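A.B. asks: no FASTA, just this:
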């Protein structure tokens, strides 16, 4: 198989995936009609500023609003105030924004509209602890969750039951106004109740479920938190709650759309593409090892996948996110076999807490690492994949993309017998 430079090709796939989830492209198609009364725009997540900007460029009629996004992810807007706050750990700025969200929503009437814009990251950025729970306590629990390898649905189940704004509570506060949510999915399965912990979505999980998550994952909850959950004092808003009667949810971008866009980009260049799923989960290193074995069994073409893996940190850990860990494990498993290149990046431009979206590997990765004095296995065991790829110059640095449809992975296989991948 001949074609473009592997590095350029793989980066082009990633760029196509990100572009397919750009709110400026997708959001205007899903806007509701203006109400008789006021329009309040509230936005939360890593894409909040770009979603707010897209509304400003397309909305017909007056409106006002507030958006909270991660530090460094803001954009100037005219009618919507942009607030930057902490992620992945919540902070005082996010807590202050959440209070303003609830106060503004509570002032709406039946003639008004709450247009809620939500994307990945909203769970940490929009934080209003449950009554009696201190922000510092919630931060401590968040730190444990982030290191535990808990899948996002379980993590958000616990988050919702420690919150006064998630799990349908924002929509309940806006009752009797109409609520329309425009969401960008960053979760496997695209469940609206999981995206941003569902501030405007009825919650099928319960306090009992939250306790089970904590027990199963070995998360010690303070006695008063456990007591509040046990008594169901902090129960979320169920889907059949009458306050959710006038609530509508519209997904404007999802991981599968971005996977398809990348596949179309590859095919336009004459390279066959196989979709392995946009919702893959599990330990990042294990998936990387599995994908290495898959690539070795597959013929020429590109294998595309997405989802959200986890990294369980044992001990202090080094620098690295789930995409870099996935790639380092894959590189070790491939052991320099010729003809296989791969990229893995978070579509928000931030892999974990670092300044890289992810990285790229080539058949020369381990050889170059050895010459640089890097011990690949030791760095994988120490969760120091960022440092590994930084030393090689193989990090992908994009800056904030201001969208978020989860991780993007592509494995390019060059040469060999032409046959479909064995999935």
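C.D. replies: Perfect, thanks for sending it. On a predicted model such as this, the values are computed, not experimentally measured, just so you know.
A.B. asks: average pLDDT for stretch 111-127?
C.D. replies: For stretch 111-127, mean pLDDT is 96.
A.B. asks: need the contact partners of the helix or strand of the chain with the lowest mean pLDDT.
C.D. replies: Lowest by mean pLDDT, DSSP states H and E among the helices and strands of the chain is helix 135-148, with a mean of 87. Applying C-beta atoms under 8 Å, 6 or more residues apart in numbering, the contact partners of helix 135-148 are 88-92, 95, 124, 127, 129, 155, 158-159, 162, 217-222, 225, 312-313, 317. To be clear about C-beta, it is placed using only N, CA and C from the backbone, and glycine gets the same treatment.
A.B. asks: those residues, buried ones only, as a PyMOL selection?
C.D. replies: Under the burial definition 16 or more other C-beta atoms under 10 Å, those of the contacts of helix 135-148 that qualify are selected in PyMOL by:
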select buried, resi 88+90+91+95+124+127+129+155+158+159+162+217+221+225
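A.B. asks: before we move on, the earlier item: and whatever helix or strand comes next after the least confident helix or strand of the chain, what does it pack against?
C.D. replies: Along the chain past helix 135-148, the next helix or strand (assigned with DSSP states H and E) turns out to be helix 152-160. Under the contact criterion of 3 or more C-beta pairs under 8 Å, 6 or more residues apart in numbering; DSSP states H and E, helix 152-160 touches helix 122-125, helix 135-148, helix 207-216.
A.B. asks: next, the buried residues of the least confident helix or strand of the chain.
C.D. replies: Buried residues in helix 135-148, counted by 16+ other C-beta under 10 Å: 137-139, 141-142, 145-148.
A.B. asks: distance check, residue 52 against residue 182.
C.D. replies: As for residue 52, its distance to residue 182 is 11 Å (criterion: C-beta to C-beta, to the nearest Å).
A.B. asks: do the same with residue 145
C.D. replies: Relative to residue 182, and taking C-beta to C-beta, residue 145 is found at 27 Å.
A.B. asks: cool, and residue 279?
C.D. replies: Taking C-beta to C-beta, one finds residue 279 at 21 Å from residue 182.
A.B. asks: break this structure down into its domains, please.
C.D. replies: For the chain, automatic domain parsing gives the domain ranges 6-18+255-413, 31-253.
A.B. asks: for residue 25, which of these is the nearest?
C.D. replies: Comparison of the domains of the chain against residue 25 by C-beta to C-beta identifies domain 31-253 as nearest, at 8.5 Å.
A.B. asks: if I look at the nearest residue to residue 156 once chain neighbours are set aside, how far off is residue 356?
C.D. replies: Counting by C-beta to C-beta, 6 or more residues apart in numbering, residue 156 lies nearest to residue 197, which is 4.4 Å off, once chain neighbours are set aside. Using C-beta to C-beta, residue 197 is found at 26 Å from residue 356.
A.B. asks: who has more neighbours, the two?
C.D. replies: Taking other C-beta atoms under 10 Å, residue 197 and residue 356 do not tie; residue 197 has more neighbours (31 against 25).
A.B. asks: got a pLDDT number for the more buried one?
C.D. replies: For residue 197, the pLDDT comes out at 96.
A.B. asks: out of residue 279 and residue 182, which sits in the busier spot?
C.D. replies: residue 182 (26 against 18).
A.B. asks: partner strands of the helix or strand where that one lies, parallel or antiparallel?
C.D. replies: Per DSSP H and E, residue 182 falls inside strand 178-184. Strand 178-184 pairs in its sheet with strand 113-118 (parallel), strand 247-253 (parallel), by DSSP bridges.
A.B. asks: which residues touch it?
C.D. replies: Applying C-beta under 8 Å, 6+ apart, the external contacts of strand 178-184 come out as 21, 23, 27, 30-32, 35, 45, 47, 51, 112-120, 171, 192, 195-196, 200-201, 246-254, 403-405.
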